[in-house]
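Student: The following comprises the amino acid sequence and a computationally predicted model.
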Amino acid sequence: MSSIISRRWFLALAGAAMVARRSFVAGAENIPGVPTDLDHILLGVNDLDHGIAWMEERSGVRAVFGGVHPGRGTRNALLSLGPRRYLEIIAPDPAQAGAVPGQDLPTRLRTIQEPRLIDWAAHTNDLGALAQKAAAAGIAIEGPRDGSRARPDGKMLRWKSFSLKDDSSGALPFFIEWGRDSVHPSQDSPSGCRLLQFSVESPKAKDVAGAAGKLGLDFSVKPGSQTRLHARISGKKSEFELA
């Protein structure tokens, strides 16, 4: 009898551990100083290979090629920053060298010699409801719009997103809802890094904080002469900062 009970306890504990692990992977880590809803941060650069090498030198982790964004003129590489969070290195796509109608990001990226943080995204499970919340608060948005990207293995990542018409020069994020059949990039990108702290500096810090509150966001906003994003990351080599 005791052996049967012991076996049952073993199976129960193993099952509980598996559920806990799935919950940990599905949800973001609760780290003081990091917005709960932060999905990913974007490191912009004019050449993707340079961005990958630059990041590897600091972190000890080599980002993996993610794919291209057809019609947007960009391509990216990714590395995980922990559960539900990742870093996206984004650069112009040489195969889309011509001007892309309605897209000014490739042109902006071509001016960035040394990698720097240019944007960030917050995730939501109900983009439509969040869009309604923004409208009720008098905050104008662009979208929602559908997005997709073919991974190197041929599988498609799908998402929906919207951005704010006034994001205070990138101080406020854009919002993303991942497709239910899409694996979140944090789960299959190279690991070894963790996001320890994230903050925003803005000459309109009070306005940014006010808009963030209306959208249900909670992150640190500090006054500054220009908009800057700050991230502190622990890597395989040591801790380092991005801005």
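Tutor: Structure's in. What do you need?

Student: element containing A135, please.
Tutor: helix 127-136 (DSSP states H and E).

Student: bridging residues for L79?
Tutor: For L79, the beta-bridge partners are L87 (DSSP bridges).

Student: what about it, how many residues close to it?
Tutor: Residues contacting L79 under the criterion other Cβ atoms under 10 Å number 27. Backbone N, C-alpha and C define where each C-beta goes, glycine included.

Student: and the nearest residue in space to L48 that is not next to it in sequence, what helix or strand is that in?
Tutor: Excluding its sequence neighbours, the residue lying closest to L48 (Cβ to Cβ, 6 or more residues apart in numbering) is A91, at 3.9 Å. Counting by DSSP H and E, the element that carries A91 is strand 86-92.

Student: And that strand, how far out from the chain middle?
Tutor: 9 Å (Cα atoms, centre = their mean, to the nearest Å).

Student: and if you look at stretch 96-109?
Tutor: The answer for stretch 96-109 is 21 Å, by Cα atoms, centre = their mean.

Student: Sort out which residues of that stretch are buried, please.
Tutor: Buried residues in stretch 96-109, counting neighbours by 16 or more other Cβ atoms under 10 Å, are found at Q96, V100, L105, P106, L109.

Student: Name the surrounding residues that touch it.
Tutor: 44-46, 68, 70-74, 90-93, 118 (Cβ atoms under 8 Å, 6 or more residues apart in numbering).

Student: May I have the host helix or strand of A122 exported as CSV, CA atoms only?
Tutor: Secondary structure from DSSP H and E places A122 in strand 116-123. C-alpha atoms of strand 116-123 as CSV (Å, rounded to 0.1, in the frame of the first residue of the first chain):
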residue,chain,number,x,y,z
ARG,A,116,20.7,51.5,-30.1
LEU,A,117,17.2,51.0,-28.7
ILE,A,118,14.6,52.5,-30.9
ASP,A,119,11.2,51.1,-29.8
TRP,A,120,9.5,48.7,-27.5
ALA,A,121,6.3,46.6,-27.6
ALA,A,122,3.8,45.6,-24.9
HIS,A,123,1.8,42.4,-25.2
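
Student: are any of the contacts of stretch 96-109 buried, and which?
Tutor: In the contacts of stretch 96-109, the ones that pass as buried (16+ other Cβ under 10 Å) are G44, V45, N46, V68, R72, G73, T74, I90, A91, P92, D93, I118.

Student: In contact with the last one, which residues?
Tutor: When the contact criterion is Cβ under 8 Å, 6+ apart, the partners of I118 are L42, L43, G44, I90, R108, L109, I112, G170, L229.

Student: Among the residues you listed, which one sits closest to A211?
Tutor: G170 (13.0 Å; Cβ to Cβ).

Student: Next up, the contacts around the closest residue to the closest one other than its chain neighbours.
Tutor: In space, and not counting its chain neighbours, G170 is closest to D119: 5.1 Å by Cβ to Cβ, 6+ apart. Each residue near D119 by Cβ under 8 Å, 6+ apart is listed here: I41, L42, G44, G170, P173, F174, L229.
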